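*Asks:* quick one, what's the 3D model for this:
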Amino acid sequence: MRPIHLTNAGGRDATVQYGNLPTEPSPPLGVPGKRVHFQRYLAATESGLHEALAAQLGEDYYQALVDGDPEVDLERVGRRIGNTQLVYLTSGGEVIYSAPQVLEVVYAPDGSERERRTPADALANTNVEEPVRYTGRLFTRAEVVRRFVFRRTVQLVHSDGLTFDYLFDMARELDAKDSVVLLGTGPKGALPLVFQTNGTPYRAFLEGRVRDDSYQLLMHLSNMELKLPEGAGS
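*Replies:* Down below sits the predicted model:
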């Protein structure tokens, strides 16, 4: 569970917890009664890659592949691969020993390059002094599922009696209206939610469900809105 600082419809703020929804275990793979063991094997060596074969046999080496197996290193191909390490290479295939400089390229809608810039860190903003805002902008459940693509859903949970009442009232109000409310960050709640530094910014929609004395408060996260192309009918 991770903390999130947010306000309710009345502007009162509190820090509560959120976490992933429980999921069903995936169906087992393989033969019934036997465990599946995953293993990686070496498929090719550097001498079997296109550049090496082209340098040795010429660009048109297809006949050599038919007549023999020049791309196969019989001593090494097929060996089991154990632990590996990630390395970065230059465009020339040389190993990079220091971190490369990252450059952010911005493209216009027509695909042309607009600008190049050094990327700035996007700081997390869901558990800071400025709380996540309950904007009051409501969407019906039927409307929101047709307009937005939800990438992830997390559940808000209480940690004591006070936060139970706080979240239960929010869920009951939303459930009674059959609606979800847009959440946002910043002084006016107009900014998206960023859960970790340099993480994906999301729009958040809060949905409440109530049954007797229990509640479920779901936060649906989206970074894509569905829109009709210009000139298309409604």
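*Asks:* give me the sheet partners of the biggest strand by length in the chain and which way each runs.
*Replies:* For the chain, the strand that runs over the most residues, judged by DSSP state E, is strand 214-225. Pairing partners of strand 214-225, with direction, according to DSSP bridges: strand 148-157 (antiparallel), strand 203-211 (antiparallel).
*Asks:* send the alpha carbons of that strand over as PDB?
*Replies:* Written as PDB, here are the backbone C-alpha positions of strand 214-225 (Å, rounded to 0.1, in the frame of the first residue of the first chain):
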ATOM      1  CA  SER A 214     -19.100  -1.600   3.100                       C
ATOM      2  CA  TYR A 215     -17.700   0.400   0.300                       C
ATOM      3  CA  GLN A 216     -15.300   0.200  -2.600                       C
ATOM      4  CA  LEU A 217     -13.600   3.400  -3.900                       C
ATOM      5  CA  LEU A 218     -11.800   2.900  -7.200                       C
ATOM      6  CA  MET A 219      -9.500   5.300  -8.900                       C
ATOM      7  CA  HIS A 220      -9.400   4.700 -12.700                       C
ATOM      8  CA  LEU A 221      -6.300   6.000 -14.400                       C
ATOM      9  CA  SER A 222      -6.200   7.200 -18.000                       C
ATOM     10  CA  ASN A 223      -3.700   8.800 -20.300                       C
ATOM     11  CA  MET A 224      -5.800   8.600 -23.500                       C
ATOM     12  CA  GLU A 225      -9.100  10.200 -24.500                       C
END
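*Asks:* off-centre distance for that strand?
*Replies:* In terms of C-alpha atoms, centre = their mean, to the nearest Å, the centre of strand 214-225 is set 15 Å apart from its chain centre.
*Asks:* tell me the most buried of the strands paired with strand 214-225?
*Replies:* strand 203-211 (a mean of 19; mean count of other C-beta atoms under 10 Å). Any C-beta I mention is one placed from the backbone N, CA and C, and that applies to glycine too.
*Asks:* what's that strand in contact with?
*Replies:* 132, 134, 139, 141, 144, 148, 150, 156, 168, 170-175, 180-184, 192-193, 215-223 (C-beta atoms under 8 Å, 6 or more residues apart in numbering).
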